[in-house]
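1. Kindly return the folded structure for what I paste below:
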Amino acid sequence: MKKRTLLAVVVSIFSVTVALGSVALAASAPSDPFTKVSGELYAKAKQEGALTVYSVWDVEHIVAILGAFSKRYPGIKTNYWQGRNPEIVTRVMTEFQAGRDSVDAILSDNAPPVIRAAGAIMAYETVQKASLILHDPTMPVVSLQIQALVYNTKKLKPADLPKSWEDVANPKYKGNVALDDPMRAGPLSTQLAALKGLWKDDARWTRFVKGLKALGVPVHKSTSAMMRLVIAGEYALAMPALLHDVVNEMGKGTPVNLVKTASPIVFARYAGIYAKAAHPNAAKLLAEWLISTEGQATLDSIGREASRKGFQSKTSIGHAYPAGTQPIPVHDKLFLEDPKKWLDTNVKPLWEG
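-> Here you go, the predicted structure:
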């Protein structure tokens, strides 16, 4: 009986020791940076009481994002204005030069770097930078544009597929590629900037651009329209497609698939904070929340690709491509800050000359 009692005491002491050890470890473990900063920002954002967003994204997407944000952080009245990237740049710069504080955050891809170059972005580095696939020290990257090479499975057999983006310029695909307009500062323009930076070989890059032109196809100003043409079988390949569109169509049983040996091109989508923002803490809170797992899940629910490492989604690189696939990012400073000038300098002489 005494032995059993003694054993029980020993077990009890051991359990308490383990429990205390666990508490100590938990106390010493680093806290989630988002939890801490969001609490601090929310207290200040509630005092500001409002948030205005300009975005290039679809209206229904903006409404869904701001609705989820408002539910998570009550007491902050949200509103938005939607426009194309050039319209956003013009509007923000006009307001900046006039000293107006009409916007707080700009959700877009092309517009924020251009606005930053003009001095109208407030530098802010997210506390969650270690969790991002792409990181910018002055503007939080909340989502990604992920470009994929897609083909119609009824038009091309696996043995006939291009092995890379560069292969699309092969004359054997002449007349059979839905091609984005390389001069519109859209996805193909982004891809050209990414590949130029990756290859660091002007002769190779020039051959590639000339090879695309030699395909002899009309260019398009909408990747969605290009996807529809490939689905209909009017073209065998889309150069390029957006990953979320491809995954969505594959889920419907549409006869399209990815060329998985063509590494995805990635371009940042930012939450830029306006330099004269009336509600800067609300804008920072929105950016941090969008990067958090909850915010990324909201973006994923509307078909926007995640920017967070390891985020489980059908439209993530890790899910759609083989393990170890390395994305190709855009780093060209001139392209980011003045895409028209970059295109006029590098692409226009080859495309229109």
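
2. how near is the one residue sitting closest to the centre of the chain to residue 100?
-> Centroid check for the chain by CA atoms, centre = their mean gives residue 144 as the closest residue, at 1.0 Å. Distance of residue 144 to residue 100, computed by CB to CB, to the nearest Å: 31 Å. C-betas here are computed from N, CA, C, even on glycine.

3. same deal with residue 115?
-> Residue 115 is 14 Å from residue 100, where distance means CB to CB.

4. ditto for residue 120
-> Using CB to CB, residue 120 is found at 11 Å from residue 100.

5. Give me the more crowded residue out of these two.
-> Under the neighbour definition other CB atoms under 10 Å, residue 120 and residue 100 were set side by side, and residue 120 has more, 21 against 13.

6. Can you give me every residue that contacts that one?
-> Contact analysis of residue 120 by CB atoms under 8 Å, 6 or more residues apart in numbering lists 92-93, 96, 274-276.

7. Now the buried members of the residues you listed.
-> 92, 96, 274-276 (16 or more other CB atoms under 10 Å).

8. Next, format those as a markdown table and append pLDDT and secondary structure.
-> Output for these, formatted as a markdown table (pLDDT from 0 to 100; DSSP: H, G, I helix; E, B strand; the rest coil):
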| residue | pLDDT | secondary structure |
| --- | --- | --- |
| 92 | 98 | helix |
| 96 | 98 | helix |
| 274 | 98 | strand |
| 275 | 98 | coil |
| 276 | 98 | coil |
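
9. so which of those comes closest to residue 295?
-> The shortest approach to residue 295 among these belongs to residue 274, at 19.6 Å (CB to CB).

10. coming back round to it: which among the buried ones among the contacts of residue 120 gets closest to residue 340?
-> residue 92 (16.7 Å).

11. all helices of the stretch 201-350 of the chain, in order?
-> 202-213, 223-231, 243-251, 280-291, 293-301, 317-320, 333-337, 339-346, 348-351 (DSSP state H, counting those that start in this stretch).

12. Indicate which one of the ones you listed is closest to residue 140.
-> Between those, helix 280-291 lies closest to residue 140; by CB to CB that is 4.0 Å.

13. tell me what that closest one is packed against?
-> helix 33-48, strand 50-55, helix 59-72, strand 105-108, strand 141-152, strand 265-274, helix 293-301 (3 or more CB pairs under 8 Å, 6 or more residues apart in numbering; DSSP states H and E).

14. Columns distance to residue 180 on top of these, output as JSON lines?
-> Shown next, in JSON lines, are the helices and strands packed on helix 280-291 (distance: least, CB to CB, whole Å):
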{"stretch": "helix 33-48", "distance to residue 180": "36"}
{"stretch": "strand 50-55", "distance to residue 180": "22"}
{"stretch": "helix 59-72", "distance to residue 180": "21"}
{"stretch": "strand 105-108", "distance to residue 180": "18"}
{"stretch": "strand 141-152", "distance to residue 180": "9"}
{"stretch": "strand 265-274", "distance to residue 180": "12"}
{"stretch": "helix 293-301", "distance to residue 180": "23"}
